[in-house]
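J.: Just to be clear, the model below is a prediction. Sequence and coordinates:
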Amino acid sequence: MTSRRNLLKWMALAPAMATLGGNAFAFTAKSGKTFTSHRPPLAKRKFTSPAVEQLIARTKSRIGDPELAWMFENCFPNTLDTTVEVGTLRGKPDTFVVTGDIDAMWMRDSSAQVWPYVQLAKHDPALQRLFRGLIHRHTLCISIDPYANAFMPDPQAKSNLDWAQHDVTDMRPGVAERKWEIDSLCYPVRLAHGYWQATGDLTPFDDDWHASMRKVLATFKEQQRKQGNGPYQFQRTSPNPTETQFLHGYGNPTKLVGMIHAMFRPSDDACLYPFNIPGNLFAVTTLHRMAEMLRALRNDHDTAGECEALADEIQHAVETYGVIRGEQGDCWAYEVDGYGNQLFMDDANVPSLLALPYLESCKRDDARYQRTRAAVWSARNPYFFEGKAASGIGGPHEGLRMIWPMSIMMRALTSADESEIGQCVGWLKSTHAGTGFMHESFDQDDPGNFTRAWFAWANTLFGELIVQLAEHHPAVLRQA
């Protein structure tokens, strides 16, 4: 059977460029090098936003290096240019967002792909409609199956992903893949909360949304497994052990300590120990956001109280079982089982240990986080790679030596050190292999050896980083 990894690996660059670009606009730098825009022509863009275009123009004017400015203009609008379908479904605004090279919508990716545009929505009616549609779509997806990570455009359709056709799990119409990942329910809450905070718009938060939040809470509680394993199990026939789960699809044994069990990581790779620490900490933040919204938008104090109680229980369990004690101070584990077994590593996909402040799951200057951050960006992390091209974190998904640009972006986004940030920007600029876009991963010594030529989340995250630097560290962009 063709796996997702094999399907996406070594995508040919030329077809991807044909999909991504073709705009004739070009400019020549003082060096004599010409940079041609890889954005689709205006008539072929999936979605346009005046506010986004204005932000692109403002930000480009603050970037000293023409190549970096060109990369930013290619990447920041890539989600809107190429992955968004806006319409109507069941009488409500609907927005479906594919990942790029896969014709399905991941709950995590779709939320993260549009996140940098939230700040612009208040004064852009087109963006408001996009966000209302995506919140409605997320609500529908949760109602279909809160355990699924990816969904089809047609809620009645069978999965079109060839690697998911024979999974041993409860596949339902509308589900593209059914890997239970805690963050799949956290990201839609983050997006909804961010949109509400940015705009004050109450339109998407109807009875269906209210019911979906109760389902999120119920699913988190169900996966504490206090009343048994619960309804979710997953197995897949694959040569890659990270594609399936242990013990008939329920995962390795745990001591029931109050944390939420996860079967898969944000990378879609199987958890070794079911208590994924970044996922549980993200859930704590998510539950507090849910409580705030349920009180303010739905006057539902009872469910809000349940959210806060569960958040406190998870936080206590993570503090008790998810910390690795050491002579130089403690740091977070990546996964644990509650029996005392702990795995230390980090994965480039977010939530990660490196990304905890980015997700507002801890403060950037938190001492434990800083120790963890130093450890994951070192040889102590088996998925930290240093080569001729760059240094960064990867993960089992693409294997050894393969650095994910996302990890370099996250290092910069969680840093206040302009020297460190500048180094990260330099690595990103020198490893795009001439494409003008970010990739899923690249070889530590050879950026031309990369995976996923069209990976919209990485593109948009790169744009988000540049926008953040323009606001908070403009000197880095002037000197880049």
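T.: Cool, the structure landed.

J.: drop to CA atoms for contacts and neighbour counts, all remaining ones
T.: Fine.

J.: Between its first and last residues, how far does stretch 172-179 reach?
T.: With Cα to Cα, to the nearest Å as the measure, stretch 172-179 spans 13 Å from end to end.

J.: Buried residues of it, list them for me.
T.: Using 16 or more other Cα atoms under 10 Å as the burial criterion, the residues of stretch 172-179 that qualify are 172, 174-179.

J.: Next one: residue 205 relative to residue 373, how far apart?
T.: From residue 205 to residue 373 the distance is 37 Å (Cα to Cα).

J.: Report the two of the buried residues of stretch 172-179 separated the most.
T.: 174 and 179 (14.1 Å; Cα to Cα).

J.: can you give me phi and psi for residue 335?
T.: phi -140, psi 150 (degrees, to the nearest 10).

J.: next one: residue 308
T.: As for residue 308, its main-chain torsions (degrees, to the nearest 10) stand at phi -70, psi -40.

J.: ok, now which ones touch the closest residue to residue 253 other than its chain neighbours?
T.: Among residues not flanking residue 253 along the chain, residue 337 sits closest, at 7.1 Å (Cα to Cα, 6 or more residues apart in numbering). The contact partners of residue 337, by Cα atoms under 8 Å, 6 or more residues apart in numbering, come to 253-255, 273-275.

J.: Mind putting these into JSON lines with secondary structure, distance to residue 309 and pLDDT?
T.: Below are the contacts of residue 337 laid out as JSON lines (DSSP: H, G, I helix; E, B strand; the rest coil; distance: Cα to Cα, whole Å; pLDDT from 0 to 100):
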{"residue": "253", "secondary structure": "coil", "distance to residue 309": "25", "pLDDT": "98"}
{"residue": "254", "secondary structure": "coil", "distance to residue 309": "22", "pLDDT": "98"}
{"residue": "255", "secondary structure": "coil", "distance to residue 309": "20", "pLDDT": "98"}
{"residue": "273", "secondary structure": "coil", "distance to residue 309": "24", "pLDDT": "98"}
{"residue": "274", "secondary structure": "coil", "distance to residue 309": "21", "pLDDT": "98"}
{"residue": "275", "secondary structure": "strand", "distance to residue 309": "19", "pLDDT": "98"}
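
J.: most surrounded residue in those?
T.: The residue in the contacts of residue 337 with the most neighbours, by other Cα atoms under 10 Å, is residue 275 (31 neighbours).

J.: Show me what it bridges to in the sheet.
T.: Following DSSP bridges, residue 275 is listed with bridge partners residue 336.

J.: wait, what's in contact with it?
T.: Here residue 275 is in contact with 259-262, 335-338 (Cα under 8 Å, 6+ apart).

J.: Quick check: ChimeraX command selecting the buried ones in those residues.
T.: Of the contacts of residue 275, the buried ones can be selected in ChimeraX as follows, counting by 16+ other Cα under 10 Å:
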select :259,260,261,262,335,336,337,338
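
J.: any chance of the contacts of residue 275 in JSON lines, plus pLDDT and distance to residue 135?
T.: What follows is the contacts of residue 275, written out as JSON lines (pLDDT from 0 to 100; distance: Cα to Cα, whole Å):
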{"residue": "259", "pLDDT": "98", "distance to residue 135": "27"}
{"residue": "260", "pLDDT": "99", "distance to residue 135": "24"}
{"residue": "261", "pLDDT": "98", "distance to residue 135": "25"}
{"residue": "262", "pLDDT": "98", "distance to residue 135": "24"}
{"residue": "335", "pLDDT": "98", "distance to residue 135": "30"}
{"residue": "336", "pLDDT": "98", "distance to residue 135": "33"}
{"residue": "337", "pLDDT": "98", "distance to residue 135": "34"}
{"residue": "338", "pLDDT": "98", "distance to residue 135": "35"}
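
J.: Show me which of the contacts of residue 275 is closest to residue 101.
T.: residue 262 (26.0 Å).

J.: Tell me which helix or strand that closest one sits in.
T.: Applying DSSP states H and E as the criterion places residue 262 outside every helix and strand.

J.: quick one, what contacts it?
T.: 180-182, 223, 271, 274-276, 279.

J.: again with residue 140
T.: So residue 140 contacts residue 208 (Cα under 8 Å, 6+ apart).

J.: Where does residue 93 fall, secondary structure wise?
T.: Judged by DSSP H and E, residue 93 forms part of strand 92-97.

J.: who does that strand pair up with?
T.: Checking strand 92-97 against DSSP bridges gives partners strand 84-89 (antiparallel).

J.: pLDDT on the strand it pairs with, on average?
T.: Confidence over strand 84-89, taken as the mean pLDDT, stands at 98.

J.: ok, and what's touching it?
T.: Strand 84-89 is contacted by residues 46-47, 93-98, 130, 133 when judged by Cα under 8 Å, 6+ apart.

J.: Turn those residues into JSON lines, columns for pLDDT.
T.: Compiled in JSON lines, those are given as follows (pLDDT from 0 to 100):
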{"residue": "46", "pLDDT": "98"}
{"residue": "47", "pLDDT": "98"}
{"residue": "93", "pLDDT": "98"}
{"residue": "94", "pLDDT": "98"}
{"residue": "95", "pLDDT": "98"}
{"residue": "96", "pLDDT": "98"}
{"residue": "97", "pLDDT": "98"}
{"residue": "98", "pLDDT": "98"}
{"residue": "130", "pLDDT": "98"}
{"residue": "133", "pLDDT": "98"}
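
J.: Format the residues you listed as TSV; extra columns: distance to residue 245 and neighbour count.
T.: Listed next are those as TSV, based on distance: Cα to Cα, whole Å; neighbours: other Cα atoms under 10 Å:
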residue	distance to residue 245	neighbour count
46	38	16
47	39	20
93	37	19
94	34	21
95	32	23
96	29	23
97	28	26
98	26	26
130	36	23
133	34	23
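
J.: just these now: which is nearest residue 377?
T.: Closest to residue 377, out of all of the contacts of strand 84-89 and judged by Cα to Cα, is residue 98, at 30.8 Å.

J.: Quick check: that closest one touching residue 78?
T.: No: the pair residue 98 and residue 78 fails to qualify as a contact (Cα atoms under 8 Å) at a distance of 11.5 Å.
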